[in-house]
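A.B. asks: only the shape, not the letters, is given here:
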């Protein structure tokens with residue numbers, strides 16, 4: 001029935017190698033897709049001996065380590081033109097045997113684990129090859145000269161490898177039919193003139209991010225280069241010290257549609273001349289450089305421009321008043337992190353195509369123009385960290401187009417205006433202002449709002465129970481206010497994943513406050529007046545990654561239900577009144593960071609494409625599957641990440657309090673049980689916490705010895721056991737902790753020799769060990785010689801007699817000196833004070849008279 005089948009798609013299944021004999025029955029197949037299955041090991045082409053008409057074979061994302069043929073089997077797959085083996089752990093020898101498939105036109109070996117230098121035989125014999133993808137391997141060295149023989153190549157992707165050499169002297173200069181070339185994320189040297197590519201008239205996409213930019217000092221441009229790319233990306237390049245201007249090659253470009261020079265050290269005036277020379281320029285990316293001066297604009301309107309990003313430069317002055325005329329159809333305008341000043345222009349609201357406007361981290365002052373809320377296109381407005389002031393009007397809150405509104409870090413004051421129930425706001429951040437009043441009860445009506453950040457203001461009163469009825473909430477930050485009262489008990493389950501209530505004045509027990517919030521990832525209740533114990537239902541929070549209860553009045557034992565939080569990476573119970581022993585089951589925690597960062601949990605819809613390919617030249621590139629995937633990947637790489645809210649976690653480690661946010665938060669894990677009333681031994685099982693970075697058990701009443709199992713904490717950077725009642729020696733095995741930066745066992749009852757001078761222990765100061773009278777050795781001043789000497793038998797050695805004799809001699813000397821000092825002191829006092837002198841002599845006279853008559857009386861009796 002299917003004998004005449006020409007296209008067969010079996011991808012994303014669980015087929016193993018036996019599927020090969022099955023598909024071999026379809027002799028008319030031209031295209032076979034068995035990617036994303038369980039095929040593994042060696043696959044010989046003889047298993048496809050009946051598929052003589054096969055032209056396309058997709059086997060990516062399997063577990064192949066070899067795919068090949070012997071010379072005698074050349075007739076098999078003789079018509080194969082496209083071979084996709086990406087993300088399969090291929091053996092390096094594959095590149096030497098692939099040359100037998102002479103009809104191949106496209107090969108994709110992305111992420112195949114290929115290592116070392118490219119061989120000079122095999123793959124270089126594929127004269128008909130048009131597309132080659134070697135992205136994401138570990139290939140290194142220089143490109144072999146035989147690559148220059150593949151003159152039919154139109155697409156070449158060498159990105160994310162470790163290649164070196166100057167591309168001007170590489171075989172890439174011979175590949176004049178190239179249309180797409182990506183060499184990003186290597187160690188190539190890229191000359192700024194691109195003189196060696198002057199004849200690459202077909203090259204439309206050139207990507208060379210994360211390489212080294214070098215200058216050609218003697219180069220003089222004499223004619224217009226034939227190399228006129230449409231997409232040119234040269235971001236994050238390590239430039240030479242004197243390299244302060246954009247590449248000279250760009251002065252002779254007139255067909256650019258996207259140019260990205262971000263994250264370099266280019267200075268001088270913003271290269272507005274790129275708009276002048278490239279009248280069809282669509283995307284202009286210059287962020288994170290050192291461009292300075294005013295925001296200069298081209299002299300003529302640029303009708304194709306849809307994206308401009310000049311964030312994090314040194315541009316100053318006001319926004320040009322004619323920017324809406326020069327860029328009338330701009331959709332994304334990102335000017336954050338400069339020194340722009342003045343009031344925000346009203347006419348920005350009249351830019352009908354504007355979708356994303358970011359003016360954050362500048363020096364704007366005044367109020368927010370209501371006109372920004374009038375348009376129907378603006379859905380993301382970020383005005384954070386400026387000097388804006390006054391009240392936030394209801395107009396901006398109730399915009400019918402805004403989804404994301406960031407007004408944090410300004411000087412707004414007053415109460416929050418009521419938001420309409422028809423508001424489309426999904427994210428509202430008005431933190432770090434001077435807002436006051438009570439939290440609004442109408443918050444339950446905002447059914448679209450999933451992120452609300454009100455932290456670091458002056459809100460007071462209790463948390464309204466209406467917050468329990470907004471089922472859209474996922475991120476709620478009310479920290480650093482003056483909120484009081486008890487926590488509301490929500491009757492129905494909520495979808496909140498990140499809840500920040502720290503640094504308020506909330507009181508009372510937890511009871512059932514969060515019982516229904518099983519989706520919690522971060523729970524921050526630090527520095528309130530909460531009381532009682534940790535409820536046992538805490539074990540229901542299977543997704544909880546961060547638990548912060550520091551600085552409250554919690555008491556009782558730490559419940560073993562905490563050990564059921566398998567996703568936990570950070571727990572801070574410090575500065576409470578917890579008692580009892582440390583649960584040994586804490587060792588069951590993996591403490592592997594489990595991506596608590598909120599914006600990483602949002603859907604792909606929050607990644608907004610910065611531009612769309614609207615030019616026919618781009619569409620013409622999409623002539624094959626590989627070329628289409630490559631061009632689409634370029635488009636996706638230029639995106640704006642609209643994070644719902646900034647995730648911050650404050651945690652004490654290395655004896656300092658740090659704020660972790662973003663991706664850094666993903667790399668942190670720790671346990672802080674300090675400043676409680678914990679007793680008993682430190683569980684040796686805690687040595688199983690191999691992923692922990694910080695452990696603080698200080699200021700408790702712990703006894704016993706330091707577990708030698710702590711030597712297994714290979715990732716630990718801070719270990720604080722100070723102010724306890726620990727005894728015994730410091731385990732010498734701890735010198736194996738090569739990541740340890742801060743270590744303290746001060747104020748315990750430890751004894752023995754400090755393992756000083758070994759690995760990290762050679763960096764710790766005496767403060768790490770003070771308060772232990774029986775510890776000795778560097779860095780303490782106390783020597784271990786007397787402490788380590790063996791006891792001797794009493795009164796059996798001359799040394800002891802000598803010691804006793806020496807002690808008596810010292811006693812006599814001390815007695816005489818003391819007697820003389822006392823006598824001289826009396827004489828001095830009598831000499832200075834005549835009244836005491838007369839009293840003294842009177843006393844002496846009476847004593848002498850009494851003694852005289854006493855003696856005479858006794859003698860008279862005889």
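C.D. replies: Sure, I can see it. Being a predicted model, the structure only gives us computed values, none of them experimental.
A.B. asks: what about residue 697, how many residues nearby?
C.D. replies: Using other CB atoms under 10 Å, residue 697 has 23 neighbouring residues. Just so you know, the C-beta spots here come from the backbone N, C-alpha and C atoms, and that holds for glycine as well.
A.B. asks: in this structure, what helix or strand scores lowest on average pLDDT?
C.D. replies: None of the helices or strands of the chain scores lower by mean pLDDT, DSSP states H and E than strand 607-609, at a mean of 38.
A.B. asks: for residue 529, see how far away residue 21 is.
C.D. replies: Residue 21 sits 72 Å away from residue 529 when distances are taken as CB to CB, to the nearest Å.
A.B. asks: again with residue 481
C.D. replies: Applying CB to CB to residue 481 and residue 529 gives a distance of 14 Å.
A.B. asks: who are the contact partners of residue 648?
C.D. replies: Contact analysis of residue 648 by CB atoms under 8 Å, 6 or more residues apart in numbering lists 659-661, 665.
A.B. asks: those, buried ones only, as a ChimeraX selection?
C.D. replies: Buried subset of the contacts of residue 648, written as a ChimeraX selection, criterion 16 or more other CB atoms under 10 Å:
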select :660,665
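A.B. asks: and the furthest pair within the contacts of residue 648?
C.D. replies: 659 and 665 (9.3 Å; CB to CB).
A.B. asks: all helices for the stretch 201-350 of the chain, in order.
C.D. replies: 273-277, 323-326 (DSSP state H, counting those that start in this stretch).
A.B. asks: again with the stretch 751-862 of the chain
C.D. replies: Using DSSP H, counting those that start in this stretch, the helices found in the stretch 751-862 of the chain span residues 785-788, 798-832, 834-860.
A.B. asks: and the average pLDDT for the last one is what?
C.D. replies: Model confidence over helix 834-860, given as mean pLDDT, is 74.
A.B. asks: list the helices and strands that helix packs on?
C.D. replies: Packing partners of helix 834-860 (3 or more CB pairs under 8 Å, 6 or more residues apart in numbering; DSSP states H and E): helix 798-832.
A.B. asks: which ones are touching the nearest residue to residue 42 once chain neighbours are set aside?
C.D. replies: The shortest distance from residue 42 to any non-neighbouring residue, by CB to CB, 6 or more residues apart in numbering, is to residue 66 (4.5 Å). Neighbouring residues of residue 66 by CB under 8 Å, 6+ apart: 41-43, 90-91, 93-94.
A.B. asks: the helix or strand hosting residue 66: which residues count as buried?
C.D. replies: Using DSSP states H and E, residue 66 sits in strand 63-68. In terms of neighbour count (16+ other CB under 10 Å), strand 63-68 has its buried residues at 64-65, 67-68.
A.B. asks: in its sheet, which strands sit next to that strand, and in what direction?
C.D. replies: Next to strand 63-68 in the sheet, as set by DSSP bridges, lie strand 40-44 (parallel).
A.B. asks: and the average pLDDT for the strand it pairs with is what?
C.D. replies: 88.
A.B. asks: the helix or strand following that strand: partners in the sheet, and parallel or antiparallel?
C.D. replies: Using DSSP H and E, the helix or strand that follows strand 40-44 in sequence is strand 56-58. When pairing is defined by DSSP bridges, strand 56-58 lines up against strand 31-33 (parallel), strand 82-84 (parallel).
A.B. asks: now do the first one: everything it contacts.
C.D. replies: Contact with strand 31-33 is made by 6-11, 23, 51, 54-58, as judged by CB under 8 Å, 6+ apart.
A.B. asks: ok now the helix or strand encompassing residue 579, how far from the chain's centre?
C.D. replies: Using DSSP H and E, residue 579 sits within strand 577-580. Centroid separation for strand 577-580 versus its chain: 34 Å, with CA atoms, centre = their mean, to the nearest Å.
A.B. asks: enumerate the positions of that strand that are buried.
C.D. replies: Per 16+ other CB under 10 Å, strand 577-580 contains these buried residues: residue 578.
A.B. asks: one step back: now the helices of the stretch 201-350 of the chain in a markdown table, please, with extra columns for distance to residue 361.
C.D. replies: Formatted as a markdown table, those follow (distance: least, CB to CB, whole Å):
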| stretch | distance to residue 361 |
| --- | --- |
| helix 273-277 | 24 |
| helix 323-326 | 19 |
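A.B. asks: which of the ones you listed sits closest to residue 338?
C.D. replies: helix 323-326 (14.1 Å).
A.B. asks: what residues does that closest one touch?
C.D. replies: 295, 297-298, 300-302, 320, 347-348, 350-351.
A.B. asks: could you list which of the contacts of residue 648 belong to strands?
C.D. replies: 659-661 (DSSP state E).
A.B. asks: list just the nearest of the residues you listed to residue 143.
C.D. replies: residue 661 (40.8 Å).
A.B. asks: quick check: that closest one touching residue 649?
C.D. replies: Yes: judged on CB atoms under 8 Å, residue 661 makes contact with residue 649 at a distance of 7.3 Å.
A.B. asks: circling back: which of the ones in strands among the contacts of residue 648 sits closest to residue 815?
C.D. replies: residue 659 (64.8 Å).
A.B. asks: now the helices of the stretch 201-350 of the chain as CSV including distance to residue 746 and mean neighbour count?
C.D. replies: Formatted as CSV, those follow (distance: least, CB to CB, whole Å; neighbours: other CB atoms under 10 Å):
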stretch, distance to residue 746, mean neighbour count
helix 273-277, 61, 18
helix 323-326, 61, 17
